[in-house]
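Engineer: Predicted model, plus sequence, below.
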Amino acid sequence: MKDKPGKSTSDRHYVRWHSMAKKLTILFFFVFFFISYLQRHVYNSDFWWHLAAGKYITETRSLPTNDPFAYTSQEEPSTRKSIILRGYWLAQVAFYKIYDSWSAKGIITLRSVVMSLFLFFVFLAIKKQRAPDILAVLLTVCIFFTAKGFLGERPQLFTFLTFSIVLYLLEAFRTTKSKKIFLIPFIIFVLSNMHPGFVVCILLVALYTLGTAAKLLGKEESPAGSLKTLCIVLMLSAIASLLNPNGLSVIGELLMLSSDEQRKGIVEHMPTFSVYFNKFGPVDYSYISFLVASSLSLRYIRKTEIIHLLSLVVFSIMSFVSLRYIIFYMAIAAPLLAATILNASEEKIFEKFTGVVKRKEKFTAAASGIIGIFLVFVSIPALAKYEFKESTFFDVPKGAADFLAGQQIEGNMFNEYGFGGYLIWRLYPEKKVFIDGRSLETNILEEYQIIASSVAGGRRSWEDIAKKYDITYIVMPPLMPRGEIYPIVETLFDKDEWALIYYDHLSLVFLRNDSRNVYVVRKLARDKIEGLNTIILQAAARANKNPTNPYYFMTLGKVFFKMKRFDDSHRAFTMALQRDPHNALIKKWLQNAEAARAGKS
């Protein structure tokens, strides 16, 4: 084959090596993403009941119709119960098979592969805008930081991956009319048996279909065949999504989520800016930067695809309504931002800057490659020392489960909501839980809140409910999700009829001192003052982990005050006030600590 005229051999070698260097740069960044996602222990509380369900399905070779794991379960059927008990079966079986073969290492590796592939397909969608590799990598890095907050080992991981694949296939069809778009119904069928989030993928197909129809109505260039193809794919996807154990009922149930009492108080279902303003979680600056940057696309609205604008508006609203949709918004916004940046580069005001970037292309490519290599090699030593296991310090009550597995205790357990999943995995069928992350029964959730809040007196007290269910032992972490001490924990520390029989850095186990368990109490009772160290340890560790939340320092201040460590209490309340200067309650406690410290001196 003859060389093309005008191109020297050295030019061709340069082009070839330059292309290879860019590919290696991209590879190093994705290797870094993968290694970074590996370096987090299994932490999600819901993973464990999914794991237990996978084991149950595998061993019984059937899908559950009633809940086998909680002694408070009721037999009244409901759509929500059916979805939770049967709607994740394929993902649950996959989790169990992998965990059974490779334990936590297998799950962590699976999570890292899935999330890295999610980023890869978003990267490919960005590239469909004819974006330079460096720009595509930069936008993907932003999404990488956001995705680090969505690593929970749950079936929703498969929704993230499927969403990015669907986005890429739709972009490939929009730009090149790729026939791969007909893969979408099949992958949605698979997802519909793994997670109800398949509805978000169908929504994305519907938005691309609607946007294409709008282009035709606006007499823009868009072949009528494109609309026909998208309509067929949308119809086939909708039909394929019905081929799951719950059929059409999933969609109706998902539409009710906003009014679902059982989801109130769960951070991921809260409005995003409510979470930020109330300091329930740290601000995601990648998300904020994407919001600001995507608003600039309005300047180039005539050059922007209506499909992209429509999708951006819908997913922006969804990300405002609920924190859990941020990751979908980021995936949708990235291609639009790439197109916006390319449009901006054509403006006269940016001509000089764009020219400099083009002239320095070799330097930029080399610098990016060096950064990619550096990130990988810096990560490798940490990975070599990393232990693949459960997050037993912050999230997984392994110590309490080990302890309870070896005890013969009469009566039933009351457990914290987040602990329920792991206790199911470790203790079923010998011991069943009061509640877990599935929260299948509305009335049980109400009764759980009464006990956890230590409601006394009135029509229903926590002690009445404890007697109703023959609750004799209580398994709790010391802190609520926001950072305050659980009221029931404070109550049990003060109640002589409840003995502390176990504590560690994460968990507390209290046992009712009655005739049935008197021998266990005599054998295992611990000094309750020692149990306060659990509160101190957790509050201090979580305060360092979350740099904006004042409630952990408030908790430390209260515990130190209770222990008459007034200097420590004063310091804790001072640090809490630094995080929330206008909080009247913190100011009041700080005054109390100052007075107590002055009185002591």
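Structural biologist: Everything's here; your move.
Engineer: And for D568, nearest residue in space, chain neighbours not counted?
Structural biologist: Using CB to CB, 6 or more residues apart in numbering and skipping residues adjacent in sequence, the residue nearest D568 is F560, 4.1 Å away. The way it works is simple: take the backbone N, C-alpha and C, and place the C-beta from them, glycine included.
Engineer: List the buried residues of the helix or strand hosting that neighbour.
Structural biologist: For F560, the host element (DSSP states H and E) is helix 551-562. For helix 551-562, burial by neighbour count (16 or more other CB atoms under 10 Å) applies to Y551, Y552, F553, M554, T555, L556, G557, K558, V559, F560, F561.
Engineer: again, but for stretch 432-443
Structural biologist: Judged by neighbour count using 16+ other CB under 10 Å, the buried positions of stretch 432-443 are K432, V433, F434, I435, D436, G437, R438, S439, L440, E441.
Engineer: export these to JSON lines and tack on pLDDT?
Structural biologist: As requested, the buried residues of stretch 432-443 are arranged in JSON lines below (pLDDT from 0 to 100):
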{"residue": "K432", "pLDDT": "97"}
{"residue": "V433", "pLDDT": "98"}
{"residue": "F434", "pLDDT": "98"}
{"residue": "I435", "pLDDT": "97"}
{"residue": "D436", "pLDDT": "96"}
{"residue": "G437", "pLDDT": "93"}
{"residue": "R438", "pLDDT": "93"}
{"residue": "S439", "pLDDT": "90"}
{"residue": "L440", "pLDDT": "91"}
{"residue": "E441", "pLDDT": "89"}
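Engineer: Name the nearest of those residues relative to S78.
Structural biologist: Among these, L440 lies closest to S78 (CB to CB), at 8.3 Å.
Engineer: Roughly how far does the closest one sit from M413?
Structural biologist: 17 Å (CB to CB, to the nearest Å).
Engineer: What residues sit buried inside the longest helix seen in the chain?
Structural biologist: The longest helix of the chain (DSSP state H) is helix 89-127. By 16+ other CB under 10 Å, the buried positions in helix 89-127 come out as 89-96, 98-99, 104-112, 114-127.
Engineer: repeat for stretch 166-179
Structural biologist: Buried positions in stretch 166-179, judged by neighbour count with 16+ other CB under 10 Å: V166, L167, Y168, L169, L170, E171, A172, F173, R174, S178.
Engineer: Would you agree I474 falls within a strand?
Structural biologist: Yes: counting by DSSP: H, G, I helix; E, B strand; the rest coil, I474 is part of a strand.
Engineer: I figured it hits K495, correct?
Structural biologist: No: I474 is beyond contact range of K495, at 10.6 Å (criterion: CB atoms under 8 Å).
Engineer: more crowded one of those two?
Structural biologist: Taking neighbours as other CB atoms under 10 Å, I474 and K495 compare with I474 leading, 23 against 16.
Engineer: Report the beta-bridge partner residues of the more buried one.
Structural biologist: Counting by DSSP bridges, I474 forms beta bridges with F414, F510.
Engineer: Contacts only, for the residue nearest to D568.
Structural biologist: I536, F566, D568, S569, A572 (CB atoms under 8 Å, 6 or more residues apart in numbering).
Engineer: so of those residues, which ones are in helices?
Structural biologist: Per DSSP H, helices hold the following members of these: I536, F566, D568, S569, A572.
Engineer: which residues in this structure form strands?
Structural biologist: Here the chain has its strands, by DSSP state E, at 412-415, 471-476, 498-503, 508-512.
Engineer: what's the burial count for A598?
Structural biologist: Neighbour tally, A598, other CB under 10 Å: 9.
Engineer: burial count for the nearest residue to W49 once chain neighbours are set aside?
Structural biologist: Spatially, and ignoring its direct neighbours in sequence, W49 is nearest to G421 (3.9 Å; CB to CB, 6+ apart). G421: 26 surrounding residues under other CB under 10 Å.
Engineer: from memory G421 sits against V42, does it?
Structural biologist: No: counting by CB under 8 Å, G421 does not reach V42; the two are 11.4 Å apart.
Engineer: wait, what's in contact with P245?
Structural biologist: L63, S82, R86, G87, W89, N193.
Engineer: Distance of it relative to Y417?
Structural biologist: When distance is defined by CB to CB, P245 is 26 Å away from Y417.
Engineer: What of F34?
Structural biologist: Using CB to CB, F34 is found at 32 Å from Y417.
Engineer: looking at this structure, which helix or strand is least sure?
Structural biologist: Sorting the helices and strands of the chain by mean pLDDT, DSSP states H and E puts helix 351-359 at the bottom, at a mean of 52.
Engineer: Which positions in stretch 455-468 come out as buried?
Structural biologist: Neighbour counts over stretch 455-468 (16+ other CB under 10 Å) mark V455, W462, E463, D464, I465, A466 as buried.
Engineer: follow-up on the earlier one: where does the residue nearest to W49 land on pLDDT?
Structural biologist: Model confidence at G421, expressed as pLDDT, equals 97.
Engineer: And the one 3 residues further on, by the same measure?
Structural biologist: I424 carries a pLDDT value of 98.
Engineer: so where's the stretch 301-450 of the chain shaky on pLDDT?
Structural biologist: For the stretch 301-450 of the chain, the stretches flagged by pLDDT under 70 are 346-365.
Engineer: all helices for it, in order.
Structural biologist: Counting by DSSP state H, counting those that start in this stretch, residue ranges of the helices within the stretch 301-450 of the chain are 306-321, 326-345, 351-359, 361-385, 398-405, 420-427, 442-452.
Engineer: could you dump the ones you listed to CSV with distance to P481?
Structural biologist: Converted to CSV, these look like this (distance: least, CB to CB, whole Å):
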stretch, distance to P481
helix 306-321, 20
helix 326-345, 18
helix 351-359, 45
helix 361-385, 28
helix 398-405, 18
helix 420-427, 14
helix 442-452, 11
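Engineer: highest average neighbour count across these?
Structural biologist: Ranked by mean neighbour count under mean count of other CB atoms under 10 Å, the helices of the stretch 301-450 of the chain are led by helix 420-427, which reaches a mean of 25.
Engineer: chain center to that one: distance?
Structural biologist: Computed by CA atoms, centre = their mean, to the nearest Å, the chain-centroid distance of helix 420-427 equals 20 Å.
Engineer: Let me see the contact set for K398.
Structural biologist: For K398, the contacting residues are E390, T392, Y422, R426, by CB under 8 Å, 6+ apart.
Engineer: run the last query once more with 7 Å
Structural biologist: E390, T392 (CB atoms under 7 Å, 6 or more residues apart in numbering).
Engineer: for the protein, which spans come out with low pLDDT?
Structural biologist: Applying pLDDT under 70 to the chain flags the ranges 1-18, 218-224, 251-265, 346-365, 601.
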